[in-house]
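# Build me a model from this:
(one chain, ligands or ions: 1)
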Amino acid sequence: MPEKITFHQIRKEYADRGIDESSLPKGPMELFQQWYAIAEENQPGEWVEANAMSVATAGVDGRVSNRYVLLKGVDADGIRFYSNYDSDKGRQIAENPRAAASFLWAYLGRQVRFEGAIVKTSREDSEAYFHSRPRGSQLGACASIQSAEVESWEVLGERKAELEAQYADQDIPLPDNWGGYKIVPDRIEFWQGRSNRLHDRIVFELKDGQWRRFRVSP
Ligand SMILES: Cc1cc2nc3c(=O)[nH]c(=O)nc-3n(C[C@H](O)[C@H](O)[C@H](O)COP(=O)(O)O)c2cc1C
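Okay, here's the model as predicted:
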């Protein structure tokens with residue numbers, strides 16, 4: 001029998017890296033790019049995806065949902081991921097175009113949180129990304145009515161096989177209900193674990209087109 005886990009006994013001390021405020025770039029997106037590059041370089045194994053982020057959305061009924069997606073682009077004004085527009089998240093985003101996203105790079109003792117508006121990316125952007133994916137992934141995206149109840153895994157396989165036959169010698173067209181989303185943040189928080197629970201939390205908030213930076217208590 002495994003011993004019962006007593007969560008209050010699990011206590012990790014973070015390496016005291018600290019955030020040097022004197023050397024921070026002016027904008028949070030630059031800082032995010034720096035932190036992301038470090039997170040990717042230091043991935044402790046193939047099983048860790050530094051670009052995995054949890055994205056929370058809520059519809060007008062107030063129900064909050066959250067799921068992991070993969071970061072697939074960083075622009076000057078936001079971060080992109082790709083999904084099905086008719087999924088649960090797609091419906092919530094259509095009703096309430098706000099989202100929050102967070103990255104956890106536990107091996108660095110770091111978290112980054114985004115909050116902001118969420119918009120669909122252009123069809124050109126979605127086309128470019130969709131066609132950069134392996135053919136199998138393109139077919140999988142077409143075969144899946146994401147978030148809808150499905151009878152079995154086999155049914156999905158049959159749908160994929162039908163599409164494979166249908167598009168045998170052709171490019172697979174981008175489905176109308178599939179494409180990119182961009183979270184355009186108005187608040188980004190950088191969290192660095194430090195010793196004695198006196199962690200760093202540096203927040204950037206966008207007001208009248210200007211980023212204001214401040215520290216908040218851990
Ligand atoms: C590591 C990881 C990465 C994922 N990446 C994506 C992604 O990029 N896009 C996506 O639509 N779903 C992705 N998923 C699946 C989502 O977590 C989720 O199951 C799906 O998008 C349906 O969510 P919804 O029903 O809330 O719309 C990923 C799941 C995991 C665990």
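# Which stretches in this structure count as helices?
Assigned by DSSP state H, the chain shows helices spanning 28-41, 88-95, 123-132, 135-143, 153-166.
# so how far is the shortest one off the chain centroid?
When you say that, I think you mean helix 88-95. Relative to the chain's own centre, helix 88-95 is displaced by 16 Å; criterion: C-alpha atoms, centre = their mean, to the nearest Å.
# Same check on stretch 75-85?
Distance of stretch 75-85 from the chain centroid (C-alpha atoms, centre = their mean) equals 8 Å.
# Just the endpoints, please. Distance across stretch 35-49?
14 Å (C-alpha to C-alpha, to the nearest Å).
# Pull the residues that contact that stretch.
Defining contact as C-beta atoms under 8 Å, 6 or more residues apart in numbering, one finds that stretch 35-49 is touched by 50-51, 70-71, 74, 103, 105, 107-108, 110, 112, 190. In short, each C-beta sits where N, CA and C put it, glycine included.
# ok, the closest residue to residue 198 other than its chain neighbours - how many residues close by?
Leaving aside its sequence neighbours, residue 198 sits nearest to residue 218 (C-beta to C-beta, 6 or more residues apart in numbering; 6.1 Å). Neighbourhood size, residue 218 [other C-beta atoms under 10 Å]: 13.
# still on that earlier bit, for the helices of the chain, could you give me TSV that also reports mean neighbour count and mean pLDDT?
Putting the helices of the chain into TSV (neighbours: other C-beta atoms under 10 Å; pLDDT from 0 to 100) gives the following:
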stretch	mean neighbour count	mean pLDDT
helix 28-41	16	96
helix 88-95	18	98
helix 123-132	15	96
helix 135-143	17	93
helix 153-166	12	93
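# Dump those helices into a markdown table; add distance to the ligand as well.
Converted to a markdown table, those look like this (distance: least, C-beta to the nearest ligand atom, whole Å):
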| stretch | distance to the ligand |
| --- | --- |
| helix 28-41 | 15 |
| helix 88-95 | 3 |
| helix 123-132 | 10 |
| helix 135-143 | 9 |
| helix 153-166 | 14 |
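# quick check: mean pLDDT across the strand ranked longest in the chain?
Ranked by residue count under DSSP state E, the longest strand found in the chain is strand 178-192. Averaging pLDDT along strand 178-192 yields 98.
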